[in-house]
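A.B. asks: just the structure for this:
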Amino acid sequence: MKVRKLSAILLAGALMATTAVTSFAAEESSQTESTDSEDSTESIVDESGNLKIEGTTVTGVTEQGKEAKEIKIPEGVTKIGDDAFSGCTNLENVDIPDSVTEIGYAAFRFCENLTELVLGNGVVSIGGGVIGLCDNLKSITFGDSLKEIDSEFFADNSSLESINVTENNEYYSSENGVLFNKDKTVLIKYPSAKKDKSYTVPETVTSLKGGLGSMVVAFYGTIDSPYLESITLPEGLKEIPALAFSGSGIKSIIIPQSVTYIGISAFDHCDNLESIVIPDGVTTIDAAAFGACKNLKTVYIPASVTKLGEDIYDVFMMSDNITDIYYSGTEEQWAKIENIENNHFPETATIHYNYVAPTETDSSDSNTSDSETSSDNSTTESTDSETSTDSNSSGTTTTPETGVAGLSLTLGVIALAGAAVVISRKKTH
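C.D. replies: Numbering: from 1, shown residues only. Coordinates of the predicted model:
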């Protein structure tokens, strides 16, 4: 247990360090840019909301300006500097002209009453933390010229319901309030507070935005949303990158057979996830991919998996409530998985070998088809399948039938083709 806790601490520290470096670099860069501006000045806001400014860069507003509910930035302003409107807690509406090309770090941070933000068509780049702690911001619209979104732009925001992009933008697009690259091959960001219960990723998508040190991650942070429960990923998706679903509130997910890699912490802290079916074809499940999933109980792992975790960082670290791992290969194949010796499963978990998970078609049928699939598999392992008993009560490796039928109900929408499964120290021989 001490080793597992140490592993968790080390991994968390590595992730935090990476993020901290990125954040520091972003702040340092944006602050340097703001000091280079020679024509910036603090601005006042008149009773009609008009921003009075000398020069082309807004660096901040007076205390009186911070009380304004509406601010109209005049044509000719080219930059909204770092923290320019940060702390304008009464601000409900801001008018950004097309002359603005750059919005700096934390420009609208702590604007608690801002519900919608429409960027002008001239904005080319936006900094990190721009909408951080804007707790009532529901919608944001990116204009025609935007081509650079800072890696921390969505940091500290969990209220967005819709991310929109104008049709003439050459770099980004949106569909149903979800942010993509222009040709919709990359899903960049699903709004944290979008109110749909389920979401099917478009078939055009071949990759999800993710990666250590970035806060622009496909489904990161949707754990605060009471809405999104299930996700279906498209065939053609090759990998699930690091952190892609980290901290999301999903209860189920359908992973296509085209996926071969599941990245570092891809599903960590998915507290509502109870079962996961990893499809046949996945070869590597990286460190802490399903770490700290406190309600995860059942996992299906296919024999195609050749590596679990990385060094001391195991796949299911701190997921302590796993009860059953269903593996489609033999016990000998399991023992040969790279890094298997560093994966520490709960002592209460049982590994079931030679298990064939229901196909996508089988899963939509009745419990009888699940039982028949199990019977066919156990027949290949023994000349008399009726003598097989569940691995919890016998030293023989078996294919559980009744348990699987009940499990298909628990899995719900996780009806995948080919799959296999999860975890345990209590091995069956």
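
A.B. asks: helix or strand with the lowest mean pLDDT in this protein?
C.D. replies: The element with the least model confidence among the helices and strands of the chain, by mean pLDDT, DSSP states H and E, is helix 402-411, at a mean of 28.

A.B. asks: at the geometric centre of the protein, which residue do we find?
C.D. replies: Nearest residue to the geometric centre of the chain (Cα atoms, centre = their mean): residue 245, 2.4 Å.

A.B. asks: what helix or strand is it on?
C.D. replies: Counting by DSSP states H and E, no helix or strand carries residue 245.

A.B. asks: so how far is residue 351 from it?
C.D. replies: 25 Å (Cβ to Cβ, to the nearest Å). The C-beta positions use only the backbone N, C-alpha and C, and glycine is treated the same way.

A.B. asks: wouldn't residue 160 be in contact with residue 136 here?
C.D. replies: No - using Cβ atoms under 8 Å, residue 160 is not in contact with residue 136, being 10.4 Å away.

A.B. asks: more neighbours, those two?
C.D. replies: residue 160 (24 against 12; other Cβ atoms under 10 Å).

A.B. asks: excluding sequence neighbours, find me the nearest residue to that one.
C.D. replies: Of all residues not flanking residue 160 in the chain, residue 191 sits nearest, at 4.2 Å (Cβ to Cβ, 6 or more residues apart in numbering).

A.B. asks: tally of neighbours for that neighbour?
C.D. replies: 27.

A.B. asks: that one: what's it in contact with?
C.D. replies: 160-163, 177-178 (Cβ atoms under 8 Å, 6 or more residues apart in numbering).

A.B. asks: 7 Å instead, please
C.D. replies: 160-163, 177 (Cβ atoms under 7 Å, 6 or more residues apart in numbering).

A.B. asks: which ones among these lie within helices?
C.D. replies: Using DSSP state H, no member of those sits in helices.

A.B. asks: closest one to residue 292 out of those, please.
C.D. replies: residue 160 (24.7 Å; Cβ to Cβ).

A.B. asks: what's the distance between the closest one and residue 116?
C.D. replies: 11 Å.

A.B. asks: now list whatever residues contact both of those two.
C.D. replies: residue 138.

A.B. asks: hey, what's residue 351 bridged with?
C.D. replies: residue 325, residue 427 (DSSP bridges).

A.B. asks: mind pulling up the pLDDT for it?
C.D. replies: Here the pLDDT value assigned to residue 351 is 95.

A.B. asks: please apply the same query to residue 22.
C.D. replies: pLDDT, residue 22: 40.
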